[in-house]
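Q: A predicted structure for the sequence below; I have some questions about it.
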Amino acid sequence: QVQLVESGGGLVQAGGSLRLSCAASGRTFSSLNMAWFRQAPGKEREFVADITPNRGSTSYADSMKGRFTISRDNAKNMLYLQMNSLKAEDTGVYFCAANPNGLQTRTPRYYNYWGQGTQVTVSS
């Protein structure tokens, strides 16, 4: 089992920045593929970014490239998402997710563990 707890969401003006954190426990964090997803009201959950366990290879959804940065600290069992140049369309609930199967994927159903989410609201 893996427990994930997100924090760092809030209200920010367009153009501003936020840093989300995800604390993991219950399983060797360094073995997990990790990702951030988000869900806006009335929309499906969408991929934001992911990072592999050891080499820390990352990938991003096209609309986040150059603005968001995913990172991890395996010593602290922490996952981060630095979000810059935020836009109103970035508003939503942001979830961290863990995949213990060694699969780097953008598909939510392959992630076995999810946090409760943290709300990000960007005012225009």
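A: Alright, I've got the coordinates. Numbering: from 1, shown residues only.
Q: Who are the contact partners of the residue positioned nearest the centre of the chain?
A: The chain has W36 as the residue nearest its centroid, 2.1 Å off, counting by Cα atoms, centre = their mean. W36 sits next to L20, C22, V48, A49, D50, I70, L79, L81, Y94, F95, C96, A97 when contact means Cβ atoms under 8 Å, 6 or more residues apart in numbering. Backbone N, C-alpha and C define where each C-beta goes, glycine included.
Q: want to try CSV for the residues you listed, with distance to E6 as columns?
A: Output for those, formatted as CSV (distance: Cβ to Cβ, whole Å):
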residue, distance to E6
L20, 6
C22, 5
V48, 12
A49, 14
D50, 15
I70, 13
L79, 9
L81, 9
Y94, 7
F95, 7
C96, 5
A97, 10
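Q: In strands, which of those residues fall?
A: When DSSP state E is applied, the contacts of W36 are split such that L20, C22, V48, A49, D50, I70, L79, L81, Y94, F95, C96, A97 fall in strands.
Q: Can you dump the C-alpha atoms of whichever strand or helix holds the residue nearest to the centre of the chain in CSV for me?
A: Here W36 sits within strand 33-39, counting by DSSP states H and E. The C-alpha trace of strand 33-39 is given here as CSV (Å, rounded to 0.1, in the frame of the first residue of the first chain):
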residue,chain,number,x,y,z
ASN,A,33,6.7,5.9,-11.1
MET,A,34,5.0,9.1,-10.0
ALA,A,35,2.8,11.5,-11.8
TRP,A,36,0.6,14.5,-11.4
PHE,A,37,-2.9,14.7,-12.9
ARG,A,38,-5.6,17.3,-12.7
GLN,A,39,-9.3,17.5,-13.0
